[in-house]
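S.K.: sharing a model that was predicted from the sequence below.
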Number of protein chains: 2
Amino acid sequence: MKKILLLSLLFILNSLNAQVLESPSKALKLNFQLTPNGKPSYSLTYKNKPVVLNSLLGVYLKGDSDLASNFKIDSIGMTTFNESWKPVLGEQSKIVNHYNQLTAALSQTGSKRRVNIIFKLYDEGLAFRYEFPKQQNLNYFIISDEKSEFNLAGNHKTFWIPGDFDSQEYAYNETLLSEVNSAKIDMNNGIGLKSIAGNFMVQSPLMMKSADNLYLNIFEAAVVNYPVMHLDLNPTTFALTSHLVPNAIGDKAYLQTPSVSPWRTIMVSDDARDIVSSKMILNLNEPSKIDDTSWIKPMKYVGIWWEMHVGKSTWDYAGSQNAQNTESRELIASGKHGATTANTKRYIDFAAKHGFDGVLVEGWNVGWEDWFGNWKEDVFDFTTPYPDYDLAEINAYAKSKGVKMIMHHETSGSVANYERHLDRALELMKKYGYPAAKSGYVGRIIPRGEFHDGQTMVNHFNFVARRFADYKMMVNSHESSRPTGYHRTYPNYIAAEAARGNEFNAWSVGNPPMHETILPFTRLLGGPMDYTPGIFEIKMSVYDKNKKEQVHTTLAKQLALYVTMYSPLQMAADLPENYEKYPDAFQFIKDVAADWDDSNYLEAEPGDYLTVARKAKGKEEWFLGAITDENARKTKINLSFLTPGKKYKAVIYQDGKTAHWEKNPINYEIITKTVTYKDFIQLNLAAGGGTAISFTPIN
Amino acid sequence: MKKILLLSLLFILNSLNAQVLESPSKALKLNFQLTPNGKPSYSLTYKNKPVVLNSLLGVYLKGDSDLASNFKIDSIGMTTFNESWKPVLGEQSKIVNHYNQLTAALSQTGSKRRVNIIFKLYDEGLAFRYEFPKQQNLNYFIISDEKSEFNLAGNHKTFWIPGDFDSQEYAYNETLLSEVNSAKIDMNNGIGLKSIAGNFMVQSPLMMKSADNLYLNIFEAAVVNYPVMHLDLNPTTFALTSHLVPNAIGDKAYLQTPSVSPWRTIMVSDDARDIVSSKMILNLNEPSKIDDTSWIKPMKYVGIWWEMHVGKSTWDYAGSQNAQNTESRELIASGKHGATTANTKRYIDFAAKHGFDGVLVEGWNVGWEDWFGNWKEDVFDFTTPYPDYDLAEINAYAKSKGVKMIMHHETSGSVANYERHLDRALELMKKYGYPAAKSGYVGRIIPRGEFHDGQTMVNHFNFVARRFADYKMMVNSHESSRPTGYHRTYPNYIAAEAARGNEFNAWSVGNPPMHETILPFTRLLGGPMDYTPGIFEIKMSVYDKNKKEQVHTTLAKQLALYVTMYSPLQMAADLPENYEKYPDAFQFIKDVAADWDDSNYLEAEPGDYLTVARKAKGKEEWFLGAITDENARKTKINLSFLTPGKKYKAVIYQDGKTAHWEKNPINYEIITKTVTYKDFIQLNLAAGGGTAISFTPIN
């Protein structure tokens, strides 16, 4: 770890209200100034092109006062920071954190309240936050609204999803900013709970591309004790304004000084790879608060999960969502229950045979007969297994096979109930040696009136991560608010879903082929995603000939996703029997790493394609993933990322000649070559296809 | 336990819509019928006098439908029930549960939804509830309002407090119904958080007296998974209508069939003693769900508590409510902290010397520097002691002295935080062998938007009782919703405050002398109250000569309260050094029982006086308490309750000749007599005074 303070300047200013800050490379320039009314404002240019036009900053308080006007500048501080640090798990073993900082210390005339606005200018973008220092005139306060503006310089192309306070599980819409309108999108998209607060509200991360080929991304980092920020768009002026998610009574955030807002980020580059590879969001989070991280490990896992999505078995023991089987009488087995002792042992055997670390079992605990859609508070107790699921026997069996069990905690949104039971749930996990749990938040939140994205829920997700850390356990949340880098601070928060995952392909219109080319520019900026790739039986008609659903992919692309979709927790989501049909392709999933020394984004265009090569942590092995959208794609890849002087066996898992995501998705071929860093490889990606390559050194 | 079903009649009715039910004594008559619009209605008479005029019943659902009209009667069932049962702790060792029941099974034309209205007619009053059976056409439902009417027959005198969703800590107003108006009462009453929803809304239990000397009481029993019921008064027609406490988004109750509402109760008698001694509320609750109740024991206790109220010490370690001492720097001891190891040992010594079961210590845990008034979520962690409080040492010391420590859990209303920490708190208690905790809920509730009296909080209080039961521990909640008999079902819910307690006398206008004569007719009907009697140093000027506050009592009345204010958990609230000044009077507190074989209410008039004699559980000892309001009172008491053939030593603790709650409150005298059941004792109660008597058999 290397920390250099290059310069530290402090001006006391009276009339000089405009300040300029440059990024280390000098490509980005921030201008900060107060308006004549004392309103903080900023603008941003990239290589002298305007990116954000003059935009106001400020926070409004409950009860008709604000921290947005009548400010004067008490001081301006400028510093440079350059250090590197090692993430516990990650895309690279060393992360550089290099930025120039401007701290504007402001005080309000009249109220004498003080706010600092802190700008950090990285080479790939700007970050700013509000800091509320300890002070006499501001202690507790309630934020009624934050109005941070991002007045964009043009009508950019954008990849957007509706500003929904309860779900990010939308497919992306690729339109101009002027065309954004949630009223115009097809809502028959499989999302069970929608809370869209306005037709012109969009979610961050908001990825954009300007007419002159600048890539822009607006997001936030370190959302801690604060609600999620959505963005109100003016589709005429292309102005975006922060919109915080309210609580049950309409308040946004409860704070006490000293405190800070999350960072608001604007990434800019003329190379899309700078966005997708940026570690700015991580850098803006606090370092790990866990001292001993030896128990935090990457995991590849299989599980009793996809078989419920495809309709082969059920989560519940007594019939699907069949409320009348509960309470009033004994559970009567339907015979379709997935989480049985025998079936679990089958998965354990499969995991052991193929070298997977863990087995997830969903539907193991009582409550699934009536768990969903009714805002029910007491659903699960997180400790009582179904009668056909023998916890002790299963855990002993897994142990004998060297496989870890992954616990499942579906809350159905009843967070009050989960928090009441959490310690009991963790004690059960401890008793049996579970290293991790997957949590779920399907449904309307209880406490009633709260949204998934409000301050209460952000605090809940972070609390759960911390509580799991107390027990030295990892957590992977589904239907949570989307991560903003808190896994730097609590690296046991190993992954999250928090976007439209592969599961939607099983039972809805699914995810269009471009979906996975956008996620790395949006959702993945905040943290690893448990996307659950690896579906080999791509068409659901294999389970039921009347089914029209399918994964919008080729088989080879499913392999590539293990590389393009970074996560230290990776599921091989398909059924054991399906993998056994394609053992040669399955080999890639068995081989691929989940933790990395280095990552090279070779090609990237949001909505179109992505190619990345990564070096396995502590090994000389490399893995490459290349994916494309609905368009076939040919590209020649320079292997210069490989270590000079070494020879590698490259096993290339690629789309077959007639492969096509819709017409012939399972068509693939596997080619083996010997290569060095001087070589090129020609990739031929089918429509909706991909290529996965493993590089192993030849001694 | 004896259960007799005398008759069971079932009519299938088409046109006959009016039904009459009589109480076992036939004094009460209920008339139930449907209006022409199919609205359920009832009326009630007592000895042929109208008590409740024709009143509608029904529940309204969110989304513009109701369970209040368009009903037809499917069947009418009539049964008689007579059993007796033994409470774990109580005012009597055997309770008779005798009533006649009418069950009206109703179905709604059109919706085909079914509701049963169940009436139970006891000799002392009517109870009714709504039952929502399991059915095809009603599963989950949200109650937007319950409109159960109580159209009273006259402009009765009433003892009322405002319909406040967050507090019952008001002194009672004694007015006619037509004079009820919360806008006219002095709100400078020491209550920190008020949420009064309307000037003509009052709380139950609502005690009334008619012009022709009928005593009426409207209350509810078995409030489980339902909000508290307040009452909307029409001060012109004297109609009362139920008003349920809303949640954060305005909904009242979330239910799923099969379920029931709480019981709505109307007690009536021409003898006030029938109300005050009624066990109807307990009878309407479910029997104990705790099998082994051997660990549930009455407790008399002392504690580090009153010394904070009188200003001698503080709850916090670093200065009173001094937020700046927290977070940003180390706690700096103010030197006034009450909960020190040394002071606690002093209380333990005192408890051991005088035979008390337990010692409560408040302010033992970190967080008190900034706990109150700011809707703060993370206040206490319930496990971290202040640096001057040695948990291990204190608990070992208490154990060596045979004294139990009572834990204190102040939540400051942050229920979310408490539930998150509850198991850790209970584990700490288990580690050190605490048998019980006192909990507190001072302040606005978190989840924000919830009220103390809403369904969420009712469920919380009941959940805590159950969770304590899991650990075989007792709980005594302060600032909770007022009890409605749940301590029958969970007898470890040993007491609650949930009304204006003695503490208000220390630092506010206090409680007028009549206060304790009303509580047995109101708050105590629902369960034991931790009123914290026993204040000997009555005037606060003893601590600070500038203080004008005082307890509105004589010393003798403080002794009488141990008998008149039933609770199996009784505090000797004053300071050890104060008790040591009056050892002869203190002897009564040492002697008095807290659990009883039998109770005889000898005289009762709400707002004026109360005299009760109780027999100690399993002993031949009797204790008598007599109290009066601001008026002095002379009365001759017939000792016929004593066991014939036995002689008793009666020690009479009475007001001295010049005693007066304001002018000479500490003036008392102690007289010893030998008495038998044939004797009378003349009581002379000073203004605001009382008498306490112990009767011990002479061998």
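M.R.: Sure, I can see it.

S.K.: point out where the stretch 201-350 of chain A drops to low pLDDT.
M.R.: A:320-329 (pLDDT under 70).

S.K.: how about 50 then?
M.R.: Scanning the stretch 201-350 of chain A for pLDDT under 50 picks out the ranges A:325.

S.K.: does the residue in it that chain B sits nearest to belong to a helix, a strand or coil?
M.R.: Closest approach between the stretch 201-350 of chain A and chain B, counting by CB to the nearest CB: residue A:248, at 3.7 Å. Heads up, the C-betas are built off the backbone N, CA and C, glycines and all. Under DSSP: H, G, I helix; E, B strand; the rest coil, residue A:248 falls in the coil class.

S.K.: which helix runs longest in chain A?
M.R.: helix A:415-432 (DSSP state H).

S.K.: can you tell me if the helix or strand that comes right after that one touches chain B.
M.R.: Past helix A:415-432, further along toward the C-terminus, the next helix or strand under DSSP states H and E is strand A:436-440. No. Counting by CB under 8 Å from any CB of the partner chain, chain B has no neighbours in strand A:436-440; the shortest distance is 15.2 Å.

S.K.: next, the angle helix A:415-432 makes with strand A:436-440.
M.R.: 160 degrees (axes from the mean of the first three to the mean of the last three CA atoms, to 10 degrees).

S.K.: contacts for strand A:436-440 next, please.
M.R.: The contact list for strand A:436-440 (CB atoms under 8 Å, 6 or more residues apart in numbering or on different chains) reads A:299, A:358, A:360, A:362, A:404, A:406-412, A:418, A:425, A:429, A:464, A:468, A:473-480, A:494, A:530, A:569.

S.K.: mind checking how far stretch A:224-235 is from the chain centre?
M.R.: 16 Å (CA atoms, centre = their mean, to the nearest Å).

S.K.: end to end, how far does that stretch reach?
M.R.: 30 Å (CA to CA, to the nearest Å).

S.K.: quick check, that stretch touching chain B?
M.R.: No. Counting by CB under 8 Å from any CB, chain B is not contacted by stretch A:224-235; separation bottoms out at 9.0 Å.

S.K.: would you mark the buried spots in that stretch?
M.R.: A:224-233, A:235 (16 or more other CB atoms under 10 Å in any protein chain shown).

S.K.: who touches stretch A:565-572?
M.R.: Residues outside stretch A:565-572 that contact it (CB under 8 Å, 6+ apart): A:89-91, A:298-303, A:305, A:356, A:360, A:436, A:474, A:476, A:494-495, A:516, A:519-520, A:524, A:528-534, A:562, A:579, A:586, A:589, A:592, A:594-596, A:599.

S.K.: what do you get if the cut-off is 6 Å, keeping everything else the same?
M.R.: Stretch A:565-572 has contacts (CB atoms under 6 Å, 6 or more residues apart in numbering or on different chains) with A:89, A:91, A:298-302, A:476, A:494-495, A:528-532, A:534, A:562, A:589, A:594-595.

S.K.: what about the residues you listed, which are in helices?
M.R.: A:562, A:589.

S.K.: how close does the nearest residue to residue A:310 once chain neighbours are set aside get to chain B?
M.R.: Excluding its sequence neighbours, the residue lying closest to residue A:310 (CB to CB, 6 or more residues apart in numbering or on different chains) is residue A:543, at 4.8 Å. Residue A:543 sits 30 Å away from chain B when distances are taken as CB to the nearest CB, to the nearest Å.

S.K.: is the residue in the stretch 551-699 of chain A positioned nearest to chain B in a bridge, and if so with what?
M.R.: Nearest to chain B, among the residues of the stretch 551-699 of chain A, is residue A:569, at 25.3 Å (CB to the nearest CB). Counting by DSSP bridges, residue A:569 forms beta bridges with residue A:299.

S.K.: pretty sure residue A:124 contacts residue A:265?
M.R.: No. At 9.4 Å, residue A:124 does not count as touching residue A:265 under the criterion of CB atoms under 6 Å.

S.K.: for residue A:399, grab phi and psi.
M.R.: phi -60, psi -40 (degrees, to the nearest 10).

S.K.: ok, back up a step: what's the longest helix of chain A packed up against?
M.R.: When contacts are defined as 3 or more CB pairs under 6 Å, 6 or more residues apart in numbering or on different chains; DSSP states H and E, helix A:415-432 packs onto helix B:415-432.

S.K.: and the contacts of stretch A:468-481?
M.R.: Contacts of stretch A:468-481 (CB under 6 Å, 6+ apart): A:228, A:290, A:295, A:426, A:430, A:436-442, A:452-453, A:457-458, A:461, A:464-465, A:490, A:492-498, A:530, A:569.

S.K.: among those, which ones are buried?
M.R.: By 16+ other CB under 10 Å, the contacts of stretch A:468-481 give A:228, A:290, A:426, A:436-442, A:452-453, A:457-458, A:461, A:464-465, A:490, A:492-498, A:530, A:569 as buried.

S.K.: so which of these belong to strands?
M.R.: Among the buried ones among the contacts of stretch A:468-481, DSSP state E puts A:436-440, A:493-496, A:569 in strands.

S.K.: identify the residues contacting residue A:205.
M.R.: A:217, A:219, A:522, A:525.

S.K.: so can I have CSV of these showing secondary structure and distance to residue A:136?
M.R.: As requested, those are exported to CSV (DSSP: H, G, I helix; E, B strand; the rest coil; distance: CB to CB, whole Å):
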residue, secondary structure, distance to residue A:136
A:217, strand, 39
A:219, strand, 34
A:522, coil, 42
A:525, helix, 39
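
S.K.: most neighbours of all those, which one?
M.R.: residue A:219 (32 neighbours; other CB atoms under 10 Å in any protein chain shown).

S.K.: can you pull up the bridge partners for residue A:98?
M.R.: Under the criterion used here (DSSP bridges), residue A:98 is bridged to residue A:82.

S.K.: and it, what pLDDT?
M.R.: Note for residue A:98: predicted pLDDT of 98.

S.K.: correct me, but the residue of the stretch 201-350 of chain A closest to chain B touches residue B:247?
M.R.: No. The criterion here is CB under 6 Å, and residue A:248 misses it with residue B:247 at 8.1 Å.

S.K.: okay, now the unreliable bits of chain A?
M.R.: A:1-15, A:325.

S.K.: can you show me the helices along it?
M.R.: Going by DSSP H, chain A shows helices at A:272-276, A:280-283, A:306-309, A:341-354, A:391-400, A:415-432, A:455-470, A:486-489, A:504-507, A:515-518, A:555-564, A:576-581, A:583-591.

S.K.: compute the inter-axis angle for the last one and helix A:341-354.
M.R.: Comparing the axes of helix A:583-591 and helix A:341-354 via the same axes, to 10 degrees yields an angle of 80 degrees.
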